[in-house]
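1. just coords:
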């Protein structure tokens, strides 16, 4: 009975981030090409030293979060480690939220003009809110893991 809902939250966030990474990678790189060509970023040193490492890091962050959330499910017997891994994925997910805000601020109009259908445009808008939904799911999973840990500790005190 214990560990059901938080495992579901972690599994959902893992699946959402994996789908976000797998299907959105090409569009993400296309959007970064737009950001690289912005007029105030035309200085090549800025692009070379800041944007290129940022592209690499943020490209694989959703995959990392997905793997961490999935691994965290299997640490249900070691709750401290499960909370630690979930917190790491939570902080990375929060960084993805910040990244989504600035990324879509600069590239949303260009990406919507590239979308071949209305369905793809709807999926683009879902990609905007995906990190926020996953961050909330991971937060709730951490809360429920802590609640279960407190429940088990209280039962140990009664014995």
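-> Thanks, I have the structure now. These numbers were taken from a predicted model, which means no experiment stands behind them. Numbering: from 1, shown residues only.
2. ok, residue 32 touching residue 53?
-> No. The pair residue 32 / residue 53 is not scored as a contact, 12.0 Å apart, by C-beta atoms under 8 Å. C-beta coordinates here come from the backbone N, C-alpha and C atoms, glycine included.
3. These two: who's more crowded?
-> Ranked by neighbour count (other C-beta atoms under 10 Å), residue 32 and residue 53 place residue 32 first, with 19 against 10.
4. Tell me, how many residues neighbour the residue nearest to that one when sequence neighbours are not counted?
-> Leaving aside its sequence neighbours, residue 32 sits nearest to residue 55 (C-beta to C-beta, 6 or more residues apart in numbering; 5.2 Å). As a burial measure, residue 55 scores 17 neighbours (other C-beta under 10 Å).
5. And residue 55, its phi and psi?
-> Main-chain torsions, residue 55, degrees, to the nearest 10: phi -60, psi -50.
6. measure it to residue 90 for me?
-> Residue 55 sits at a distance of 23 Å from residue 90 (criterion: C-beta to C-beta, to the nearest Å).
7. Please apply the same query to residue 118.
-> Distance, residue 118 to residue 90, using C-beta to C-beta: 33 Å.
8. between these two, which one's more packed in?
-> Higher neighbour count among residue 118 and residue 90: residue 90, with 23 against 8, using other C-beta under 10 Å.
9. does the closest residue to that one other than its chain neighbours belong to a helix or a strand, and which?
-> Residue nearest to residue 90 in three dimensions, not counting chain neighbours: residue 138, with 4.6 Å by C-beta to C-beta, 6+ apart. If you go by DSSP states H and E, residue 138 is part of helix 118-158.
10. average pLDDT across that helix?
-> In this model, helix 118-158 carries a mean pLDDT of 87.
11. list the helices and strands it packs on?
-> helix 4-36, helix 52-73, helix 79-114 (3 or more C-beta pairs under 8 Å, 6 or more residues apart in numbering; DSSP states H and E).
12. which non-adjacent residue is nearest the residue nearest to the spatial centre of the chain?
-> Nearest to the geometric centre of the chain sits residue 93, at 4.0 Å (C-alpha atoms, centre = their mean). Closest residue in space to residue 93, ignoring its immediate chain neighbours: residue 135 at 4.3 Å, by C-beta to C-beta, 6+ apart.
13. Pull the contacting residues for the one you found.
-> Residue 135 sits next to 90, 93, 94, 96, 97 when contact means C-beta atoms under 8 Å, 6 or more residues apart in numbering.
14. if I look at the residue nearest to the centre of the chain, how far off is residue 63?
-> Distance, residue 93 to residue 63, by C-beta to C-beta: 12 Å.
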